[in-house]
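Enquirer: Predicted model and sequence follow; I will ask about them next.
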Amino acid sequence: MTQKFTHSSGYHESAKFQTIYLPALIGAMVFLVIFAGFIPGFNSWRENSMILKQRQEINSILSAKVSMLGSLDSTELQSKLDLAVKAIPIKSPYRQTLAAMSVLADRNKISVEDLEFNKQAVGLGIKISVAGIYPDIYSFLQAIENTLPLASVDAISLNSRSDASDFAEKTYSAALNLSFYFLPSPKTFGKLTEKLPSISAVGEKSLRELQGFEFFDLKSAGALTLDGSNRALKLFPD
Amino acid sequence: MAIKNIINLLPESAVEGSRRLAIFKTLQAVLIAVALVSLVLTIGIWALSLVTGREIAAANLLSSDFENQIAAYSKKEQQFYLLTHQLDKAGELLNSRIQIEKKLNTAMTAFPSDATLLSAQIDAEGKNIAVKFSADNFEKMVKIISAAKTKPFSLVKVNDFARDATGKYSIDLTVELL
């Protein structure tokens, strides 16, 4: 009779638990930890990191903006702004233009014979008909180009009026087509989180250049010899 | 050889069972290690997420502090925006302005002084200038034409050439400023 070795049922259950159930249980736990714990945690961390990075970038812009605004001298800023607004006014500069034309015509001994206003896409168009000797007309033109608000002479039509042989005495009539520019104030001044624009080298150069330009307001012009206010007001009501 | 010949007294099924048990024990150990590592990583990532969340809260506080400071500078900010806005346009205009009076002066001074300029039409854009002269003799007229052909001019065309009853000549030219 051969002896048969048998295991008890408790031993079988324990072995089965060790070999099948326990690894399965641990596997399930690993699965659960990875999919229900690690992945959502990783996603949350990634999302938070992105938010933090964006916030840090915004903060660096805001910080630069604060330090730049803090370093700006209010008086200097105001005087630069005044000059820039004289050069490119925020509304139609017809009053200043009339004042400038009036003063410059008197100063250069030019007689103004006619004045026409027209609305342009970029600003205010003026056709001014003047008469005088050529050197005075030339000085008048030069003065206009060095006057604020910024103007440009688009066309000149010159016609002889006298038969004088001396160049300096010969009178001419001249029709000058001029453009004076204006630019309305921007409706919005940029987002709070937007970088502050910087004044470029060209802008600084323009500022220096504009300081040498003349500006005539109605007070400094005194009594105007030119009157086109009513006509201009129709085109550019206040 | 000697080891191979050791008599195995255990039945074949028991040997197979204990081998399987060893494999499962190893697997179990690996799984436990993986589970522990996963658990540690999960706790770590959540802790990191929590720390990042706190950093966001701190950054938000800093932002609102900066925003308050910027709000206090709002007048300066608006002035600065307006300044750059107007200056950009001014710079653009100053660079693009064509000094038309220089063209006029060239037209007025580069032709012979004894010729009588009747009219001149000048546009800021383009290089052409239309000029009309009169002269009391043909010799002066020739001088005008040769001046129109030499620097700083280049003759584009003669629009009109006439002689009136009194013997006066007139010429209408278009010249290009070189």
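Expert: Looks like it came in fine.

Enquirer: Can you tell me the element the most centrally placed residue in chain B falls in?
Expert: Here the mean C-alpha position of chain B is nearest to the C-alpha of B:Asp88 (Cα atoms, centre = their mean), at a distance of 14.1 Å. According to DSSP states H and E, B:Asp88 maps onto helix B:74-96.

Enquirer: can you check A:Val130 too?
Expert: Using DSSP H and E, A:Val130 falls within strand A:123-133.

Enquirer: Could you do A:Lys191 as well?
Expert: Short version, using DSSP H and E: A:Lys191 is in no helix or strand.

Enquirer: go on, A:Leu183?
Expert: A:Leu183 belongs to no helix or strand, assigned by DSSP H and E.

Enquirer: Next, give phi and psi for it.
Expert: When read as degrees, to the nearest 10, the backbone of A:Leu183 gives phi -140, psi 110.

Enquirer: Now that we're looking at it, what pLDDT does it have?
Expert: With respect to pLDDT, A:Leu183 has a value of 84.

Enquirer: quick one, what contacts it?
Expert: A:Ile88, A:Pro89, A:Ile90, B:His85, B:Gln86, B:Lys89 (Cβ atoms under 8 Å, 6 or more residues apart in numbering or on different chains). Every residue, glycine included, has its C-beta placed from N, CA and C.

Enquirer: can you tell me which two in the residues you listed are farthest apart?
Expert: A:Pro89 and B:His85 (12.3 Å; Cβ to Cβ).

Enquirer: my guess is B:Val158 is in a helix, correct?
Expert: No. Going by DSSP: H, G, I helix; E, B strand; the rest coil, the assignment for B:Val158 is strand, not a helix.

Enquirer: right, and it touches B:Ile171 too?
Expert: Yes. B:Val158 lies in contact with B:Ile171 (Cβ atoms under 8 Å); the separation is 6.6 Å.

Enquirer: The two: which is more packed in?
Expert: A direct count of neighbours by other Cβ atoms under 10 Å in any protein chain shown for B:Val158 and B:Ile171 places B:Ile171 higher, at 21 against 12.

Enquirer: what inclination does the longest helix anywhere in chain B have with respect to helix B:74-96?
Expert: In chain B, with assignment by DSSP state H, the single longest helix is helix B:12-72. Angle of helix B:12-72 versus helix B:74-96, following axes from the mean of the first three to the mean of the last three Cα atoms, to 10 degrees, is 80 degrees.

Enquirer: packing partners for helix B:12-72?
Expert: When contacts are defined as 3 or more Cβ pairs under 8 Å, 6 or more residues apart in numbering or on different chains; DSSP states H and E, helix B:12-72 packs onto helix A:22-32, helix A:39-71.

Enquirer: Can you check which of these gets nearest to A:Ala84?
Expert: Closest of these to A:Ala84 is helix A:39-71, at 17.9 Å (criterion: Cβ to Cβ).

Enquirer: Can you pull out the low-pLDDT segments for chain B?
Expert: Residues of chain B meeting the criterion pLDDT under 70: B:1-11.

Enquirer: Can you spell out the domain ranges of it, please?
Expert: Structural domains annotated on chain B: B:10-97, B:100-177, as defined by automatic domain parsing.

Enquirer: how about TSV for those domains, with distance to A:Leu52 added?
Expert: Output for those, formatted as TSV (distance: least, Cβ to Cβ, whole Å):
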stretch	distance to A:Leu52
domain B:10-97	5
domain B:100-177	55
